[in-house]
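Give me the fold of what follows.
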Amino acid sequence: MFELIFLFIMIGYFFQSFIFIIGARKKFPRISDDKLPTATIIVAARNEEEKILRTLQSLDKLEYPDGKLQIMIVDDQSTDSTGKIIDGFIAGKPRFQKITTEEHHTKLIGKMRALAYAIKEATGEIILTTDADCEVKPLWVKTICSHYEKDVALVSGVTTQTSEKWFHGMQAIDFVYLLTAGAGTTNLNVPISCIGNNMSFRKSAYDEVGGYEKLPHSVTEDFTLMNAIYNLKKYKVIFPVESDSLITSIPCRSLKSLVHQKKRWGVGGLGVPFRGFIIMFWGFTANLLVLLTPFFFSPTWLTLVVFKVALDFFLLYPVHVKLGIAKNLKYFFHFEVYYLIYVILLPFIVLPNKKVIWKGREY
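Next comes the predicted model:
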C-alpha cells in the first residue's frame with residue numbers, strides 16, 4: 001500500500017519536473033539593437049557597505065546604446081557607509097544617479113518603498129531591478145530588453161550565487177532549481193515565482209496596476225507585482241533562461257541568515273495562487289517519502305528514491321550547462337540533502353509565526 005502511494009507521488013513529481021523542463025527550454029523572439037527601448041536600472045541598498053562596490057563595478061560595465069540607460073541607486077536609510085561608497089563611485093559617471101529615501105515618504109515600508117520611490121523618478125520605458133549584493137553581466141540589460149516586443153510587459157531572469165564551498169554551492173543550485181520551476185511555469189502561462197534581483201517590467205504596466213502603493217504589502221514584492229501584471233490578461237509575462245542575463249548574488253554566510261531568508265520566502269509564498277500550492281505539495285510529499293525510506297526499506301522504495309534524485313539531476317544539468325555554471329553541480333548531493341531538509345521543515349517554521357526580520361526591519 002505504502003509503495004503504491006510512493007509510486008503515485010513520484011509519478012506526480014515526474015510530470016511536474018517534466019513541465020518545468022519543457023517550459024524552461026522555451027525560446028522567445030528578440031528585437032534588434034536599434035529598437036531597444038530606454039531602460040532604468042534600480043538598485044535598492046540598505047547597509048550594504050561590504051557588498052555594493054562589486055555591484056556598482058559590474059553595472060558600470062554594462063553595454064547599452066548611448067543615452068538609453070539610467071542607473072538609479074537607492075540608499076534606503078543606510079546606517080553604515082553605503083551612501084558614501086555610492087557617492088564616491090558614481091562621481092563623474094552620468095549614467096548613475098543616487099537617491100535617498102525618506103522614512104515617511106509613503107505608507108509603504110521596506111524594499112517596496114525604496115523601489116516605488118525610485119520608479120517615480122525613472123525615465124526608462126523598461127524598469128530593471130537587481131540587488132546591492134549582485135554582479136550583472138555586461139549584456140544583462142541588452143539581453144533582457146531585447147525580449148520586449150509590444151505585447152510583453154514583464155521579463156524575468158535567472159540568478160545563481162557564488163559557490164566557494166559546499167555551503168554556498170548548495171544555495172547556488174537551489175536558486176537555479178527554484179527559478180527553473182519559475183521559468184517553466186511562467187513560460188507555460190501559469191507563473192508561480194520570480195526573483196526581484198533579476199526582474200524587469202514596463203513602467204506603463206506598473207502604472208496600470210497602480211504601482212506598489214496599490215498592491216498588498218508582501219515580503220516578496222517581486223511576485224506580487226508579477227502576479228498583478230499577469231492578472232491584467234493583456235500582456236505576456238516571460239522568463240527566458242539565458243546565460244547573458246544570468247546574475248550572480250552572494251549566498252547567506254551562516255545558517256541563521258539562511259533560515260531567515262527561507263522563512264521570508266516561505267511567508268511570501270503563502271500569497272501564491274492555488275497552482276503554487278499544488279507544486280509545493282508534490283515537492284513536500286516526494287521529499288517526505290524519501291525521508292521515510294529507512295523505515296520502509298525495500299528494493300522498490302530504494303528504486304524510487306534513486307529515481308527522484310536522478311530526476312532532480314536531469315532537471316538541473318541542462319540548465320546549468322546552458323547558463324555556463326555546470327561546475328556548481330559538484331555540490332549536487334549537498335543540495336539534495338539541503339533541499340530534503342528545508343522543504344520538510346519550512347511549513348513548521350513559517351506557519352506558527354509569520355514575523356519576518358529583514359535588513360534590520362521587522363515585517
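
outside of the host helix or strand of Phe314, which residues touch it?
Secondary structure from DSSP states H and E places Phe314 in helix 299-323. The contact list for helix 299-323 (Cβ atoms under 8 Å, 6 or more residues apart in numbering) reads 3, 6-7, 10, 13-14, 17, 20-21, 24-25, 158, 160, 173, 176-177, 180, 241-243, 246, 286, 289-290, 293, 326, 328-329, 332, 336, 339. Quick note: C-beta positions are derived from backbone N, CA and C, even for glycine.

try 6 Å this time
3, 6, 10, 17, 21, 180, 243, 246, 286, 290, 293, 326, 329, 336 (Cβ atoms under 6 Å, 6 or more residues apart in numbering).

ok, how many other residues are close to Pro273?
Using other Cβ atoms under 10 Å, Pro273 has 14 other residues around it.

Is Met72 in a helix, a strand, or coil?
Look at Met72: counting by DSSP: H, G, I helix; E, B strand; the rest coil, its state is strand.

OK, contacts around it?
By Cβ under 6 Å, 6+ apart, the residues touching Met72 are 42, 97, 118.

Repeat the analysis, applying 7 Å as the threshold.
Residues in contact with Met72 (Cβ atoms under 7 Å, 6 or more residues apart in numbering) are 40-42, 97, 99, 118, 121-122.

Who does it form a beta bridge with?
Beta bridges link Met72 to Ile42, Gln97, judged by DSSP bridges.

Mind jotting down where the strands sit in the stretch 1-150 of the chain?
39-45, 69-75, 96-100, 126-131, 134-135 (DSSP state E, counting those that start in this stretch).

re earlier: which one (most neighbours) among the contacts of Met72?
In terms of neighbour count, Ile41 stands highest of those at 26 neighbours, by other Cβ under 10 Å.

For the contacts of helix 299-323, give me JSON lines that also has pLDDT and distance to Leu154.
Listed next are the contacts of helix 299-323 as JSON lines, based on pLDDT from 0 to 100; distance: Cβ to Cβ, whole Å:
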{"residue": "Glu3", "pLDDT": "71", "distance to Leu154": "43"}
{"residue": "Phe6", "pLDDT": "74", "distance to Leu154": "38"}
{"residue": "Met10", "pLDDT": "82", "distance to Leu154": "34"}
{"residue": "Ser17", "pLDDT": "93", "distance to Leu154": "25"}
{"residue": "Ile21", "pLDDT": "94", "distance to Leu154": "22"}
{"residue": "Thr180", "pLDDT": "96", "distance to Leu154": "18"}
{"residue": "Ser243", "pLDDT": "97", "distance to Leu154": "21"}
{"residue": "Leu246", "pLDDT": "97", "distance to Leu154": "18"}
{"residue": "Ala286", "pLDDT": "87", "distance to Leu154": "30"}
{"residue": "Val290", "pLDDT": "82", "distance to Leu154": "35"}
{"residue": "Thr293", "pLDDT": "75", "distance to Leu154": "41"}
{"residue": "Ala326", "pLDDT": "97", "distance to Leu154": "28"}
{"residue": "Leu329", "pLDDT": "97", "distance to Leu154": "30"}
{"residue": "Glu336", "pLDDT": "94", "distance to Leu154": "32"}
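
How many residues are close by the nearest residue to Glu3 once chain neighbours are set aside?
Nearest non-adjacent residue to Glu3, counting by Cβ to Cβ, 6 or more residues apart in numbering: Thr300, 5.0 Å away. Neighbour count of Thr300, defined by other Cβ under 10 Å: 14.

where's Thr300 relative to Ile344, distance?
22 Å (Cβ to Cβ, to the nearest Å).

CSV for the contacts of Met72, including pLDDT?
CSV is the format used below for these (pLDDT from 0 to 100):
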residue, pLDDT
Thr40, 98
Ile41, 98
Ile42, 97
Gln97, 96
Ile99, 93
Ala118, 93
Glu121, 92
Ala122, 96
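
closest to Phe223 among those?
Ile42 (17.1 Å; Cβ to Cβ).

can you list the weak-confidence ranges in the stretch 101-250 of the chain?
For the stretch 101-250 of the chain, the stretches flagged by pLDDT under 70 are 103-110, 218-219.

Let me see the ranges of the helices in it.
For the stretch 101-250 of the chain, the helices defined by DSSP state H, counting those that start in this stretch cover 110-119, 140-145, 166-186, 203-208, 211-214, 221-230.

which residues are contacting the longest one?
Think helix 166-186. Contacts for helix 166-186 (Cβ under 7 Å, 6+ apart): 19-24, 156, 158-163, 191-195, 237-239, 241, 251-252, 279, 315-316, 319-320, 328, 331-332, 334-335, 338-339.

which of these are buried?
19-21, 23-24, 156, 158-163, 191-195, 237-239, 241, 251-252, 279, 315-316, 319-320, 328, 331-332, 334-335, 338-339 (16 or more other Cβ atoms under 10 Å).

now, which of the residues you listed lie within strands?
Using DSSP state E, the subset of those located in strands is 156, 159-161, 237-238.

Next, the angle from the helix holding Phe314 to helix 166-186.
Angle of helix 299-323 versus helix 166-186, following axes from the mean of the first three to the mean of the last three Cα atoms, to 10 degrees, is 90 degrees.
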